[in-house]
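> Structure of the sequence below:
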Amino acid sequence: MLEIFATTAPIFCLIILGYVAVKTRLMPTDALPGLGRFVMYFTLPALIFDTLVHMDFADVIEPRFLLAYGIGSLLSFSIGLLIAKKLLNNNLTGSGIKALGMSMSNSAFFGLPVLILVFDDPPTVAFTMALIIENMLLFPVALMTIEYANGKGENQSLLQIWKSVIKRVTRNPLIIAIVAGFIGSALQIRFPAPVNESLHMLSAASATTALFVIGGSLVGSTIKGNMVEISTVIVGKLLMHPLCVALAVLCIPGLSPELRLAAILLAAMPMMSIYPIIGGNYGYRSICASILMGATMVSFISIAAILGILL
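The predicted structure is shown next:
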């Protein structure tokens, strides 16, 4: 167990470092959005593109991983929707927000650093495929559910709502990096040494900066609101989501042990860091911020526990 905590300790040390830096005002709060954009628009896209473009096109996609992670995540979303609607008595908008929190991981800022620390040779392709499922399947489905329930598309056709959601997804810099990486891999594009070195340097900064931003973002956050609802979403994300993905992984033969472990670990991450922003668009910012804060804190223990079981 000490080895497990030693593996995860650097992750949380960097989160704590970010928290302390902002709390002591060594790092101004105003700098965090800029650092977050640096990760989302430069370091992570560079990592994704650099990984994909140097792989054989046939090795870029593992359909069984996509199927397992997609089925497991959609199953977690569906169960979360039912729990919030039937057991917590939320309306469909609130249920959709809670279900999204139970099914969409923070793969970009949290999952990648975990994979880097756990694996000697991190399966970056698993991380990329998880991003594909999260951004091109799960997020659009969740947004469609919430938008429909909220009545924002009342004067629009379903096709118009879909167009709006797809437009939002395709502007995501991570999706752009994935598509560009696929094209580069298929065409076997090779770059000169200075370009490759620049991509490597940007890639190396992604995990560290992402964890620092997460820690800094927790400053000022408190856990307040309906504790039953908050606890339900936290348990749903940190326990139900990895269990659903594990079930899907076991039912789909042919996946390597490395990809199986990566899928379950990515599902075990806390929800995405923009969760309160999404919830805020529908009047749920406060409880979403509390859920994110609680999930991040509890994940110190839950990730170590899952690693202890699986390793």
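
> all contacts plus neighbour counts: C-alpha atoms, from now on.
OK.

> Between its first and last residues, how far does stretch 129-146 reach?
One end of stretch 129-146 to the other measures 24 Å (CA to CA, to the nearest Å).

> same deal with stretch 81-98?
End-to-end distance of stretch 81-98 (CA to CA): 7 Å.

> Excluding its own residues, what touches that stretch? List them.
Counting by CA atoms under 8 Å, 6 or more residues apart in numbering, the neighbours of stretch 81-98 from elsewhere in the structure are 80, 99, 142, 145-147, 149-150, 229, 233, 279, 282, 284.

> from the middle of its chain, how far away would that stretch be?
In this view, stretch 81-98 has its centroid 21 Å away from the chain centroid, taken as CA atoms, centre = their mean, to the nearest Å.

> Stretch 54-74 too?
When distances are taken as CA atoms, centre = their mean, stretch 54-74 is centred 16 Å away from the chain's centroid.

> same thing with stretch 169-179?
Chain-centre distance of stretch 169-179: 14 Å, with CA atoms, centre = their mean.

> Kindly report the same for stretch 94-111.
The chain centroid and the centroid of stretch 94-111 are separated by 7 Å under CA atoms, centre = their mean.

> re the thing from before, how about the contacts of stretch 81-98 in a markdown table, adding neighbour count?
Formatted as a markdown table, the contacts of stretch 81-98 follow (neighbours: other CA atoms under 10 Å):
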| residue | neighbour count |
| --- | --- |
| 80 | 27 |
| 99 | 26 |
| 142 | 22 |
| 145 | 18 |
| 146 | 20 |
| 147 | 19 |
| 149 | 17 |
| 150 | 16 |
| 229 | 16 |
| 233 | 29 |
| 279 | 22 |
| 282 | 14 |
| 284 | 18 |
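
> quick one: low-confidence parts of the chain?
1-7, 57-60, 150-158, 161 (pLDDT under 70).

> before we move on, back to that, in strands, which of the contacts of stretch 81-98 fall?
Counting by DSSP state E, those place none of their members in strands.

> What about the residues you listed, which are in helices?
Where the contacts of stretch 81-98 overlap with helices, as defined by DSSP state H, the overlap consists of 80, 99, 142, 145-147, 149-150, 229, 233, 279.

> need those in a markdown table with distance to residue 13, can you?
Supplementary listing: the ones in helices among the contacts of stretch 81-98 in a markdown table, determined by distance: CA to CA, whole Å:
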| residue | distance to residue 13 |
| --- | --- |
| 80 | 31 |
| 99 | 29 |
| 142 | 33 |
| 145 | 37 |
| 146 | 36 |
| 147 | 38 |
| 149 | 40 |
| 150 | 40 |
| 229 | 29 |
| 233 | 25 |
| 279 | 28 |
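
> Which single one of these is nearest to residue 51?
Checking these against residue 51 by CA to CA gives residue 142 as the nearest, at 28.6 Å.

> show me the contacts for that closest one.
Under the criterion of CA under 8 Å, 6+ apart, the contact list for residue 142 reads 96-97, 99-100.

> ok, of those residues, which one's closest to residue 206?
Of all the contacts of residue 142, residue 100 has the smallest distance to residue 206: 24.7 Å, by CA to CA.

> just checking, that closest one touches residue 77?
Yes: counting by CA atoms under 8 Å, residue 100 does reach residue 77; the two are 6.2 Å apart.
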